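J.: sequence and computational prediction follow.
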Amino acid sequence: MKERLSAAIAAICPVDPALEPLARHHLDNLTKPRGSLGVLENLAAKVFCIQGGGTPVVDPARIYTVAGDHGVTAEGVSASPQEVTRQMVLNFLNGGAGINVLTRTYGIDLRVVDAGCAGGTFPEHPQLIQRKVAPGTANLAVGPAMSEEQCLSALLLGLDLADAAHAEGVRVIGTGEMGIGNTTPSTAMYCAYFGLEPEELAGPGTGLSPQAVERKAAVIRRALSVNAAAVDSGDPLRILAALGGYEIATLAGLILGAAKNRCLVVVDGFISTAAYAAAWKMCPAAEDYCVFSHASAEPGHGRAMQAMGATPLLHLGLRLGEGTGAAVAMGVLRGAVNIYNEMASFEQAGVSVVH
Ligand SMILES: O=C(O)c1ccc[n+]([C@@H]2O[C@H](COP(=O)([O-])O)[C@@H](O)[C@H]2O)c1
Ligand SMILES: Cc1cc2nc[nH]c2cc1C
């Protein structure tokens, strides 16, 4: 199992630096003052480089919303009851959640994945991928959340999802997640990977009071101490197993798999960024394939992003998860590649070149 992960990581190549000047040359010849489309130009150049030159494309685009439950909810770390994870998966399948509305709005394919929800299987549904590794993690405040074997199974599930998308012609993959309690493992992972303090990073998640956030920080501190052997090892996989969750490990595998397949990944909010942190620690070159959709309103997100030198695209006050920020960002990405592909050049339009 570990060999497959190592092989995928070894197959991730940084994008060819020779491509960027070609993209910039093309963009600078379009009928606008140089650089005046700002980040849209950067995005178009990024897609061009990831895809190895030629005509950059964003479609078909797909979001995987991966669900899992968390034993640490027993510590009262979430304002919401654990059963909401399962209820929201059913809501996704009925088309009524925020991610359903936004993927419909933007014409994005949505797949829902059970990587580790508590309880049994869900009714079959064409959008549902049932690959439950286990019915929820163990409580990371008393021991490791997952065994390394379970964590690897989730990582390989993510690789499978990336390979399936690639085989089906998907050009851009978005990450989404659903898991009551999952801001706690995400925060613990940031602390372990970047040497940050729980008190500095812990936030309200779905809506904890300030006093409850203090208790959440204490639970995370306990989790780091109980799992000190994994934390101190600095091994990204051991840290992910000890402190992560099934949806988080699956998304880390999805990011690595997409990068291996030279596919752009749009990383959603606070929890997806924790999955990215694990992927980035395992393979820093994965960074070349990722765009960060938005700054989450969860207060620790900015600090975690800063630790990785990552810049979010949008500032919309989002803190829902599910892949909602990734969906909106895909709309922006489409605009960016359409600019690249459809705008007239100075020569074509007979417009005097701006110096
Ligand atoms: O995406 C985000 O930035 C984000 C920030 C806070 C909460 N969430 C969502 O809320 C749930 C986790 O919150 P909590 O308080 O239960 O840890 C989980 O289902 C996430 O999708 C998501
Ligand atoms: C209702 C609800 C929807 C969500 N979607 C993602 N996380 C969520 C948490 C709650 C509580």
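T.: Perfect, I can see it now. Ligands and ions are numbered 1, 2, ... in the order given.

J.: now do stretch 245-260: distance to the chain's middle.
T.: Centroid separation for stretch 245-260 versus its chain: 8 Å, with C-alpha atoms, centre = their mean, to the nearest Å.

J.: may I see the buried residues of it?
T.: By neighbour count on 16 or more other C-beta atoms under 10 Å, the buried set for stretch 245-260 is 245-260. (Each C-beta comes from the backbone N, C-alpha and C, glycine too.)

J.: repeat for stretch 84-95
T.: 84-86, 88-89, 91-93.

J.: who in the stretch 151-300 of the chain is up against ligand 1?
T.: 177-184, 205-206, 268-271, 296, 298 (C-beta under 6 Å from any ligand atom).

J.: strands - which of these land there?
T.: In this view, these that belong to strands under DSSP state E are 177-178.

J.: most neighbours of all the residues of the stretch 151-300 of the chain next to ligand 1, which one?
T.: The residue in those with the most neighbours, by other C-beta atoms under 10 Å, is Asp268 (33 neighbours).

J.: please name the nearest non-neighbouring residue to that one.
T.: Take Asp268 and drop its neighbours on the chain: the residue closest to it by C-beta to C-beta, 6 or more residues apart in numbering is Ala326, 4.4 Å away.

J.: can I get the one helix or strand that neighbour maps to as CSV, trimmed to CA atoms?
T.: For Ala326, the host element (DSSP states H and E) is helix 324-342. The C-alpha atoms that make up helix 324-342 are tabulated as CSV, following Å, rounded to 0.1, in the frame of the first residue of the first chain:
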residue,chain,number,x,y,z
THR,A,324,-18.5,25.8,-1.9
GLY,A,325,-15.5,28.1,-2.2
ALA,A,326,-13.9,25.8,-4.8
ALA,A,327,-17.2,26.0,-6.8
VAL,A,328,-17.1,29.8,-6.9
ALA,A,329,-13.4,29.9,-7.7
MET,A,330,-14.0,27.6,-10.7
GLY,A,331,-16.3,30.2,-12.1
VAL,A,332,-13.4,32.7,-11.8
LEU,A,333,-11.0,30.2,-13.4
ARG,A,334,-13.3,29.9,-16.4
GLY,A,335,-13.2,33.6,-16.8
ALA,A,336,-9.4,33.5,-16.6
VAL,A,337,-8.9,30.9,-19.3
ASN,A,338,-11.6,32.5,-21.6
ILE,A,339,-9.6,35.7,-21.4
TYR,A,340,-6.5,33.8,-22.5
ASN,A,341,-8.3,32.0,-25.3
GLU,A,342,-10.7,34.5,-26.6
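
J.: pLDDT of it, averaged?
T.: The average of the pLDDT scores along helix 324-342 is 98.

J.: which residues in the protein form strands?
T.: For the chain, strands defined by DSSP E occupy the ranges 61-68, 109-116, 128-130, 172-178, 264-267, 290-294, 312-314.

J.: which of those sits closest to ligand 2?
T.: strand 172-178 (5.0 Å; C-beta to the nearest ligand atom).

J.: adjacent strands (with direction) for the closest one?
T.: Looking at strand 172-178 with DSSP bridges, its partner strands are strand 61-68 (parallel), strand 264-267 (parallel).

J.: so where's the stretch 251-355 of the chain uncertain?
T.: Along the stretch 251-355 of the chain, the parts satisfying pLDDT under 70 run over 354-355.

J.: which ones are touching Ile278?
T.: Slight slip there: residue 278 is Ala, not Ile. By C-beta atoms under 8 Å, 6 or more residues apart in numbering, the residues touching Ala278 are 189, 193, 236-237, 239-240, 244, 248-249, 252.

J.: whoops, Ile99 was the one
T.: Applying C-beta under 8 Å, 6+ apart, we find Ile99 in contact with 63, 65, 92, 110, 176, 322-324, 327.

J.: now distance to Pro21 too, for those, in a markdown table please.
T.: Formatted as a markdown table, the contacts of Ile99 follow (distance: C-beta to C-beta, whole Å):
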| residue | distance to Pro21 |
| --- | --- |
| Ile63 | 32 |
| Thr65 | 37 |
| Phe92 | 43 |
| Leu110 | 37 |
| Gly176 | 34 |
| Glu322 | 38 |
| Gly323 | 33 |
| Thr324 | 35 |
| Ala327 | 32 |
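
J.: from these, which two are the most distant?
T.: Phe92 and Ala327 (12.8 Å; C-beta to C-beta).

J.: grab the nearest non-local neighbour of the residue in the chain that ligand 2 sits nearest to.
T.: Minimum separation of the chain from ligand 2 (C-beta to the nearest ligand atom) falls at Ser80, amounting to 3.9 Å. In space, and not counting its chain neighbours, Ser80 is closest to Thr206: 4.6 Å by C-beta to C-beta, 6+ apart.

J.: contact partners for the one you found?
T.: Going by C-beta under 8 Å, 6+ apart, Thr206 touches 78-80, 180, 183.

J.: for Val267, list each beta-bridge partner.
T.: Beta bridges link Val267 to Phe292, judged by DSSP bridges.

J.: for it, what are its contacts?
T.: Val267 touches 175, 255, 273, 275-276, 290-293, 326, counting by C-beta under 8 Å, 6+ apart.
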